[in-house]
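A.B. asks: Okay, structure incoming, though there's no sequence with it:
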């Protein structure tokens, strides 16, 4: 059956949010997909996801962003959660050193269960609480470089770098997919990337299909 025009897209990219409970994963999701922030956000139970459609290099990309509870009792869903994920946002709270210390454990879990070629970005969230920042940006940058991750600091509350972080990871996923496509079509001509460094990404409309009620609804 043909998809309706509003459902048409060239690529579907699954991206997962991981990290300790309370670091702001759900608000990063809602800020990016619905431009909403909820101060009274409750801990996620199980799994939820939302989607947003963007335009990258003339292609329509449907980003399916998955969010899960950070609590241990929900870890049984791990393998299904990571299945098919092309990107992962590894989130910690810049005001809570423990959430940064636990990043190594989350990264290990990710590498144990996800595809070996998954694109990973380290995110230090809640930069609006600058006066309470307890994890130095330099330490996080150093960790990211050592592990081969990209790194950015965000504030879901102030909408700082949220759009940029998702654009960056989706652009990198698309670049890798484009290389694979070119390589498979013409193995004799070396693959060149689909998104060139420094090229801007145009964001088109927003599509928000989510599995829970709108933020702060009763």
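C.D. replies: Arrived safely. Worth saying up front: this structure is predicted, and the values here are computed from it rather than measured.
A.B. asks: low pLDDT regions in this protein?
C.D. replies: 1-7, 40-46, 69-78, 183-218 (pLDDT under 70).
A.B. asks: If we use 50, what do you get?
C.D. replies: For the chain, the stretches flagged by pLDDT under 50 are 1, 3-4, 187-218.
A.B. asks: ranges for the helices of it?
C.D. replies: Taking DSSP state H to define them, one finds helices in the chain at 25-34, 78-82, 97-101, 103-113, 137-147, 162-185.
A.B. asks: mind checking how far the fourth one is from the chain centre?
C.D. replies: Here helix 103-113 shows a centroid-to-chain-centroid distance of 15 Å under the convention Cα atoms, centre = their mean, to the nearest Å.
A.B. asks: Return the set of buried residues in that helix.
C.D. replies: Neighbour-count burial for helix 103-113, counted by 16 or more other Cβ atoms under 10 Å, picks out 103, 106-107, 110. Every residue, glycine included, has its C-beta placed from N, CA and C.
A.B. asks: ok so, going back, can you add distance to residue 120 and give the helices of the chain back as JSON lines?
C.D. replies: Shown next, in JSON lines, are these (distance: least, Cβ to Cβ, whole Å):
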{"stretch": "helix 25-34", "distance to residue 120": "15"}
{"stretch": "helix 78-82", "distance to residue 120": "12"}
{"stretch": "helix 97-101", "distance to residue 120": "15"}
{"stretch": "helix 103-113", "distance to residue 120": "7"}
{"stretch": "helix 137-147", "distance to residue 120": "8"}
{"stretch": "helix 162-185", "distance to residue 120": "8"}
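A.B. asks: Figure out which of the ones you listed is closest to residue 58.
C.D. replies: When those are compared by Cβ to Cβ, helix 162-185 sits nearest residue 58, at 10.8 Å.
A.B. asks: So residue 24 sits against residue 94, correct?
C.D. replies: No - using Cβ atoms under 8 Å, residue 24 is not in contact with residue 94, being 9.9 Å away.
A.B. asks: what do those two both touch?
C.D. replies: Common neighbours of residue 24 and residue 94, using Cβ atoms under 8 Å, 6 or more residues apart in numbering, are 125-126.
A.B. asks: if we can go back for a sec, quick one: which of the buried residues of helix 103-113 is nearest residue 86?
C.D. replies: Taking Cβ to Cβ as the measure, residue 86 lies nearest residue 110 of the buried residues of helix 103-113, at 12.5 Å.
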